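> next input, structure requested:
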Amino acid sequence: MTAIGVIATLTVAAGKNAEFEAVFTELVSSVRANEPGNEFYSLTRSKTNPQVYKVLERYVDQAALDAHGKTDYFLAAGPKLAPCLAAAPDIEVLDAL
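Take a look at the predicted model:
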């Protein structure tokens with residue numbers, strides 16, 4: 001069983017940072033409270049470009065990552081976050097060591 005890391009890069013439209021952060025903060029709380037297969041889920045913002053955020057994630061295995069993507073709160077966050085984004089998310093999936 002191999003742990004899985006994810007780095008999601010999200011570019012937020014100008015003027016949408018507060019709205020984006022509010023929605024994402026709720027998502028972080030839901031993930032941490034309801035996903036025992038998630039070991040780490042954190043939103044970070046670039047120091048060089050305040051419109052760029054990175055979500056750092058770690059799951060115990062692929063099944064936990066798959067389950068994350070099917071949760072009601074994750075699916076509900078998508079339509080709330082989409083109007084805040086300036087570009088499609090860039091998702092990098094990694095094998096954790």
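> show me where this protein has strands.
Along the chain, counting by DSSP state E, strands occupy 4-11, 38-45, 52-59, 90-95.
> and the residue lying closest to E57 once chain neighbours are set aside, how many neighbours?
Nearest residue to E57, sequence neighbours excluded (Cβ to Cβ, 6 or more residues apart in numbering): V6, at 4.0 Å. The way it works is simple: take the backbone N, C-alpha and C, and place the C-beta from them, glycine included. For V6, the neighbour count with other Cβ atoms under 10 Å is 18.
> V6 and A14: what is the separation?
Distance from V6 to A14, counting by Cβ to Cβ, to the nearest Å: 26 Å.
> again, but for S46
Taken as Cβ to Cβ, the span from S46 to A14 is 14 Å.
> the more surrounded of the two?
Legend: neighbour count by other Cβ under 10 Å for S46 and A14, higher for S46 (12 against 8).
> look up phi and psi at the more buried one.
Taking degrees, to the nearest 10, you get phi -60, psi 140 for the backbone angles of S46.
> give me the contact list for the longest helix seen in the chain.
Ranked by residue count, the top helix of the chain under DSSP state H comes out as helix 17-34. Contacts to helix 17-34, defined as Cβ atoms under 8 Å, 6 or more residues apart in numbering, come from residues 10, 12, 38, 41-43, 50-51, 53, 55, 68, 71, 73-74, 77, 80-81, 84-85.
> for PyMOL, write the select line for the buried members of those.
In PyMOL, this line selects whichever of the contacts of helix 17-34 come out buried by 16 or more other Cβ atoms under 10 Å:
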select buried, resi 10+12+38+41+43+51+53+55+68+77+81+84+85
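> now stretch 57-68, how far from the centre of its chain.
From the chain centre to the centre of stretch 57-68 is a distance of 12 Å (Cα atoms, centre = their mean, to the nearest Å).
> quick check: buried residues in stretch 7-23?
L10, T11, V12, K16, F20, V23.
> present these as JSON lines; the columns should include pLDDT and distance to I91.
Putting the buried residues of stretch 7-23 into JSON lines (pLDDT from 0 to 100; distance: Cβ to Cβ, whole Å) gives the following:
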{"residue": "L10", "pLDDT": "98", "distance to I91": "9"}
{"residue": "T11", "pLDDT": "98", "distance to I91": "13"}
{"residue": "V12", "pLDDT": "98", "distance to I91": "16"}
{"residue": "K16", "pLDDT": "98", "distance to I91": "20"}
{"residue": "F20", "pLDDT": "98", "distance to I91": "17"}
{"residue": "V23", "pLDDT": "97", "distance to I91": "18"}
